[in-house]
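1. Take a look and give me a structure for this.
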Amino acid sequence: MTPWDWAALVLFAVCWLGYEPALRLLSRRFGTLNQDMQLVRHIWMSAMVRREIRLVDSQLMGHSINTASFFASTNLLLIAAVAGILFGGEAALRGFAAVGAEAVPLPLLEAKLALILICLVRGLLDFIWSIRQLNYTLAVIGAAPETDSPERDLLGRAAGDLLNPALASFSQGVRAYYFALAAAAWLMGPLWLALGVVASFSLLIWRQEGSPAARAIRRVRAALESDSGNPAPPPQ
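-> The predicted model follows:
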């Protein structure tokens, strides 16, 4: 690999590994979409345990599970496609290289495909873990007592503590798509990898901090805090 390839790879690793610390720093200073949604979900679960009929809560949870399952299935298909080229032998690699944007040695092409595969596999594992945690949350909803009990608030907090990591894992799985697209840009050269990483990282940060959705959820959080008096959960 050329020095430019190595430099682009280092930038990729820095952005991938540094995204979570950067998000935690932003959440302490300005607040982020993920952090605001933590409080929204905690209040949702606190309201859930006070409802006599929890049909809507179960339907919303089922929708989340179906969405995570869809992404996991799609991710698995992409993994199979990339792995089929990467492990399909020299003929498959040469056939893929023949339609590439630049001529590269086969070992370098294998490295580029391996980076895409790593991103997709990481995303698949996050989606699988998200689905399992969502199922655990659904079980807690089913176990919540229908009548008033001293354990009701405790169950609501526990359900929120399950739901937030579940959807955080889902967000990590979606984030893997962004970095997989950036890794795919490496097929056109190291400069494209660097541009793809910077674009993906910047877009993710903007959606967390400055997007219309982030601003709207920030207003929702403020309204819920003023109504319920619940303090914001600590950043995860």
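
2. CA only for contacts and neighbour counts going forward, please
-> Noted.

3. In this structure, mark out all the helices, start to finish.
-> Using DSSP state H, the helices of the chain run over residues 3-29, 33-48, 55-86, 90-98, 106-143, 152-185, 190-209, 212-228.

4. Dump these to a markdown table, plus mean neighbour count.
-> Listed next are those as a markdown table, based on neighbours: other C-alpha atoms under 10 Å:
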| stretch | mean neighbour count |
| --- | --- |
| helix 3-29 | 15 |
| helix 33-48 | 21 |
| helix 55-86 | 16 |
| helix 90-98 | 14 |
| helix 106-143 | 19 |
| helix 152-185 | 21 |
| helix 190-209 | 19 |
| helix 212-228 | 15 |
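
5. Format those helices as CSV; extra columns: mean pLDDT.
-> Shown next, in CSV, are those (pLDDT from 0 to 100):
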stretch, mean pLDDT
helix 3-29, 87
helix 33-48, 87
helix 55-86, 88
helix 90-98, 64
helix 106-143, 89
helix 152-185, 90
helix 190-209, 91
helix 212-228, 82
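
6. shouldn't Trp192 be in contact with Leu181?
-> No. Under the criterion of C-alpha atoms under 8 Å, Trp192 makes no contact with Leu181, lying 10.7 Å away.

7. residues in contact with Trp16?
-> By C-alpha atoms under 8 Å, 6 or more residues apart in numbering, the residues touching Trp16 are Phe179.

8. rerun that using 7 Å as the cut-off
-> For Trp16, the contact set (C-alpha atoms under 7 Å, 6 or more residues apart in numbering) is empty.

9. and the gap between it and Trp44?
-> Trp16 is 31 Å from Trp44, where distance means C-alpha to C-alpha, to the nearest Å.

10. Same check on Ala22?
-> 27 Å.

11. do the same with Gly18
-> Separation of Gly18 from Trp44 (C-alpha to C-alpha): 31 Å.

12. Quick check: end-to-end length of stretch 139-157?
-> With C-alpha to C-alpha applied, stretch 139-157 spans 14 Å between its terminal residues.

13. what sits up against it?
-> The contact list for stretch 139-157 (C-alpha under 7 Å, 6+ apart) reads His42, Met45, Ser46, Val49, Glu52, Ala159.

14. Nearest to Trp206 among the residues you listed?
-> His42 (24.3 Å; C-alpha to C-alpha).

15. Just give the closest residue to Ile205, not the sequence neighbours.
-> Closest residue in space to Ile205, ignoring its immediate chain neighbours: Leu23 at 7.5 Å, by C-alpha to C-alpha, 6 or more residues apart in numbering.

16. Can you tell me how far the one you found is from Gln35?
-> For Leu23, the distance to Gln35 - C-alpha to C-alpha - is 9 Å.

17. same check, this time on Asp153
-> Distance of Asp153 to Gln35, given as C-alpha to C-alpha: 21 Å.

18. One more: Ser27?
-> In this view, Ser27 and Gln35 are 7 Å apart by C-alpha to C-alpha.

19. Is it correct that Glu110 is in contact with Leu86?
-> Yes. With contact defined as C-alpha atoms under 7 Å, Glu110 counts as touching Leu86 (6.2 Å).
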